[in-house]
Structures are given as structure tokens and as C-alpha cells.
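Q: pasting the sequence and the predicted coordinates here, then a few questions.
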Amino acid sequence: AQTVTQSQPEMSVQEAETVTLSCTYDTSESDYYLFWYKQPPSRQMILVIRQEAYKQQNATENRFSVNFQKAAKSFSLKISDSQLGDAAMYFCAYRSPGSGTYKYIFGTGTRLKVLA
Amino acid sequence: ETGVTQTPRHLVMGMTNKKSLKCEQHLGHNAMYWYKQSAKKPLELMFVYNFKEQTENNSVPSRFSPECPNSSHLFLHLHTLQPEDSALYLCASSLTSGGFTDTQYFGPGTRLTVL
């Protein structure tokens, strides 16, 4: 069975600085998808960035980028030029490939605080 | 409205009450999901529906009863709940076409408190 581990329950970053959130996972599949979701306080969970396992190139979305290390089964999220609006819970998630309904496996989350 | 909506946003109920949570998606998706989110625990998948048919029941107690009348609406009927059922209940939807862009979209959740 797949598992996702986020070992940092809480992180803090100074506004305008860079922070990296860690995520490791375990799977025997060779192809899969990885996601980072953001859940601001009392607000909707939204997709931040996604990565397909067979693509070597790390995904980037504006100030958000990932460091995908397939052999190490690591999928960290880097937030550059942190803003106050980045404060939220961040969840790493794994999904098997293929069509149809499927399970997402989520980590326990990392709470990011942004200090002014 | 756009996206995934959930009502009510907050619910307080006694252990003997019966209540229902509602989820509606306006994205043209065909799959809908119920998750339970408790503090310091991973999101727990409860139920999955694809084209109105239940495809997943993740060993959820029978005091939770889902209903999916069509691909746009999903309900979670609650009865004789326990205090440990207090949590944030999230609804999500997705296409089931597979592929990289096939992603779950979440509603804002219902914060449930069982007294």
C-alpha cells in the first residue's frame, strides 16, 4: 500500500524568504502522480502544483516549484518570495495512474506560518 | 456558483439527532468523494461515487449513509453519531478520464461537532 509522510508538522518563514516543505512517499508503482494542496484557515483546499512521475522535469507554478527525486521517493515543495497569503496547511498527496475513480493518499500536512 | 459547494458550513448535533450534509459540484465532473479531516491525521477517504454508483466504501460505520442522486449532488446522512465523529467533512469531485490533469477539486467543508 502507498503511504505519504510529511515529517514537518509546522514551519515558519519570513515574508519574502524561501521555504521548503518536505514530503516522502512509498510505492511499488513506477508511474503515479504527486500533488501539493494548500488549505488556508477556514478556506477551501486548492491545488498548488502537480507532478507526473515519469517526467524528469520538476514542475513549476509561479513562486511554487517542486524538487522531485524519484529514486529517493521525495517530493518537496519550494515557495519563493513568501507572502502572508501563503500561510496555510499544505498537504502532499499521491495518486495512482489510470482512469476511473481512484484513491488519493494524503500526508498529515505541514502548517506554514509566514512572519511579517 | 462555481466549483464545489457544501452546506451547511457548520453543524452542531446531539448524538441522537439525524442530519444531512450536502455537496454540489458545478464543474461537470462525474465522480464525487467524501473525506473526513481530523486534526493531525491524514485525510480519510470515506466514500466514492462514479456516475452515481458507489465505487468505494472505506469501512465507514453505518451511522454514515451516503446518497448520490446524480453526478452533481452528493449527500451524507448522519444518525446516532459519536463525539469522535466531530471533524471537518470535505467533499471533492473529479473527472475520471485519467491522466495528468484529472485532479480532485474540494469544497469548503462542513465543520461537524457532535455533543
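A: Cool, got the structure.
Q: for the residue nearest the centre of chain B, list the residues it contacts.
A: The centre of chain B sits closest to residue B:34, judged by C-alpha atoms, centre = their mean, with a distance of 2.8 Å. Residue B:34 makes contacts with B:23, B:45-47, B:66, B:74, B:76, B:89-91, as judged by C-beta atoms under 8 Å, 6 or more residues apart in numbering or on different chains. C-beta: built from backbone N, CA, C; applies to glycine.
Q: please repeat the previous calculation with a cut-off of 7 Å.
A: Counting by C-beta atoms under 7 Å, 6 or more residues apart in numbering or on different chains, residue B:34 makes contact with B:46-47, B:66, B:74, B:76, B:89, B:91.
Q: now the host helix or strand of it: how far from the chain's centre is it?
A: Assigned by DSSP states H and E, residue B:34 belongs to strand B:31-37. Mean C-alpha position of strand B:31-37 versus that of the full chain (C-alpha atoms, centre = their mean, to the nearest Å) differs by 4 Å.
Q: helix or strand right after that strand?
A: Under the assignment DSSP H and E, the closest C-terminal helix or strand after strand B:31-37 is strand B:44-50.
Q: who does the residue most central in space within chain A form a beta bridge with?
A: For chain A, the residue nearest the mean C-alpha position is residue A:36 (3.0 Å; C-alpha atoms, centre = their mean). As for beta bridges, residue A:36 partners with residue A:49, residue A:92 under DSSP bridges.
Q: I'd say it and residue A:90 touch.
A: Yes - with contact defined as C-beta atoms under 7 Å, residue A:36 counts as touching residue A:90 (6.1 Å).
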